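Peer 1: Next one to model:
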Amino acid sequence: MRVAAGKDGRSREATVIPTPPNPARANSLASANTLPRASASSLGRTSALPRASEPSSTPGGATVLDKAPERVRKTSPRYKVLLHNDPVNTMEYVVMTLQQVVPSLSEQDAIAVMLETHNTGVGLVIVCDIEPAEFYCETLKAKGLSSTIEPES
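Peer 2: Model prediction:
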């Protein structure tokens, strides 16, 4: 691999693959140079420069494969949906409501959340993106349960 600066001044990483000289190919290239060439505009390109993913040849007979820049995806922030203990609702109602509101919770998971909430005062229902977290929180509130969301730390 080598690092070279492009015309724009930014450095690029490229892999050099040596190609052995081929006398038969040299003769065919010489005769091919006499044929008319397609222009960049007729090929649908706006520039005569090679694209980043196309190999380009160097005078020494080596082929240089330019690497396209990698795209980095930023992950969206996650939020915790918390259930708060209250003395009003029964344990069975809380388990049933958790299963209705958050379909991904099994009965055992809903019981575990209910027990955590009952014993410690607050229980973690689910960790998800902001939109489903708001939906779950508001739906739990509409069914009479006390719920909040907070960013995952």
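Peer 1: Ser106 - nearest residue in space that isn't next to it in sequence?
Peer 2: Of all residues not flanking Ser106 in the chain, Gln99 sits nearest, at 7.9 Å (CB to CB, 6 or more residues apart in numbering). All C-beta spots, glycine's among them, are computed from the backbone N, C-alpha and C.
Peer 1: other SSEs contacting whichever strand or helix holds Asp109?
Peer 2: Under the criterion of DSSP states H and E, Asp109 resides in helix 107-120. Packed against helix 107-120 by the contact rule (3 or more CB pairs under 8 Å, 6 or more residues apart in numbering; DSSP states H and E) you find strand 79-84, helix 91-101, strand 122-128.
Peer 1: Quick one: list the elements packing against the shortest one.
Peer 2: Contact analysis of strand 79-84 by 3+ CB pairs under 8 Å, 6+ apart lists helix 107-120, strand 122-128, helix 130-142, strand 146-151 as its packing neighbours.
Peer 1: What of the longest one?
Peer 2: When contacts are defined as 3+ CB pairs under 8 Å, 6+ apart, helix 91-101 packs onto helix 107-120, helix 130-142.
Peer 1: so which of the ones you listed gets nearest Glu150?
Peer 2: helix 130-142 (9.2 Å; CB to CB).
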